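Engineer: this is the structure alone, sequence omitted:
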């Protein structure tokens, strides 16, 4: 308790620097301005890229701030010169800014997941509409059946004559495969046509989680 009181007294020796709000504002603006880049890094497999983005922004803006406030210590001095009272006080300011950035990070991620869920629902609604089954490959034209061959104007062609496949069956297969993938992965899967054993098949694949399943 005495050491805590001592720390508070030490911090009271210093007045709030005029650049504090400027630094905080620049860091927040940096994250918002580069939110697309931030979210793209979040989608990458390495979680460390996301963890480091806040520190990266803070370091970048700190270096910019030092150009107009030349007496400020470097980032390395902030990290290692912890016995210095002024450094300790500056670190408390930096930590306060970091908390604000973490909240901004949380808001960006919540926005990403909200948009992702909307896009996913729209895609499923389009693919599984009652009137037509939109081609999963091009996601524009309706699939057609002709003598057991699944066709699309985009060039998709899968011969299902021997399997007696119907449009209704393809809808059900899409629903089940999407549900299986989405239960364990948040990334968007893609559709491809591959030759397997001398016959074309429509596959759903996801590079992020190595998911693959045959639709037809």
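Structural biologist: Alright, I've got the coordinates. Because the structure is predicted, anything quoted here is derived from the model rather than measured. Residues are numbered from 1 along each chain as shown.
Engineer: now do the buried residues in stretch 206-216.
Structural biologist: Residues of stretch 206-216 classed as buried under the neighbour-count rule (16 or more other CB atoms under 10 Å) are 206, 211, 215-216. C-betas here are computed from N, CA, C, even on glycine.
Engineer: with pLDDT, secondary structure and distance to residue 96 added, can I get the residues you listed in JSON lines?
Structural biologist: As requested, the buried residues of stretch 206-216 are exported to JSON lines (pLDDT from 0 to 100; DSSP: H, G, I helix; E, B strand; the rest coil; distance: CB to CB, whole Å):
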{"residue": "206", "pLDDT": "91", "secondary structure": "strand", "distance to residue 96": "40"}
{"residue": "211", "pLDDT": "92", "secondary structure": "strand", "distance to residue 96": "42"}
{"residue": "215", "pLDDT": "89", "secondary structure": "coil", "distance to residue 96": "52"}
{"residue": "216", "pLDDT": "86", "secondary structure": "coil", "distance to residue 96": "57"}
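Engineer: out of the residues you listed, which is nearest to residue 24?
Structural biologist: Residue 24 lies nearest to residue 206 out of those, by CB to CB, at 39.0 Å.
Engineer: coming back round to it: for the buried residues of stretch 206-216, work out which two are farthest apart.
Structural biologist: Spatial extent of these (CB to CB) is set by the pair 206 and 216 at 17.9 Å.
Engineer: need the single longest helix in the protein, by residues.
Structural biologist: helix 85-127 (DSSP state H).
Engineer: check which helices and strands it is in contact with.
Structural biologist: Judged by 3 or more CB pairs under 8 Å, 6 or more residues apart in numbering; DSSP states H and E, helix 85-127 is in contact with helix 2-11, helix 20-33, helix 35-43, helix 48-68, helix 75-80, helix 167-182.
Engineer: got the angle for it vs helix 20-33?
Structural biologist: Helix 85-127 runs at 20 degrees relative to helix 20-33, counting by axes from the mean of the first three to the mean of the last three CA atoms, to 10 degrees.
Engineer: sorry, back to before: which one of the helices and strands packed on helix 85-127 has the lowest average pLDDT?
Structural biologist: When these are ranked by mean pLDDT, helix 2-11 comes last with a mean of 45.
Engineer: picking up where we left off before, can I get the buried residues of stretch 206-216 in a markdown table including distance to residue 187?
Structural biologist: A markdown table is the format used below for the buried residues of stretch 206-216 (distance: CB to CB, whole Å):
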| residue | distance to residue 187 |
| --- | --- |
| 206 | 6 |
| 211 | 9 |
| 215 | 18 |
| 216 | 23 |
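Engineer: which among these gets closest to residue 100?
Structural biologist: For the buried residues of stretch 206-216, the minimum distance to residue 100 (CB to CB) is 35.0 Å, reached by residue 206.
Engineer: count of neighbours near the nearest residue to that closest one once chain neighbours are set aside?
Structural biologist: Distance criterion CB to CB, 6 or more residues apart in numbering; nearest residue to residue 206, sequence neighbours excluded, is residue 189 at 4.0 Å. By other CB atoms under 10 Å, 21 other residues sit near residue 189.
Engineer: cool, the one 3 residues further on as well?
Structural biologist: Using other CB under 10 Å as the criterion, residue 192 is surrounded by 12 other residues.
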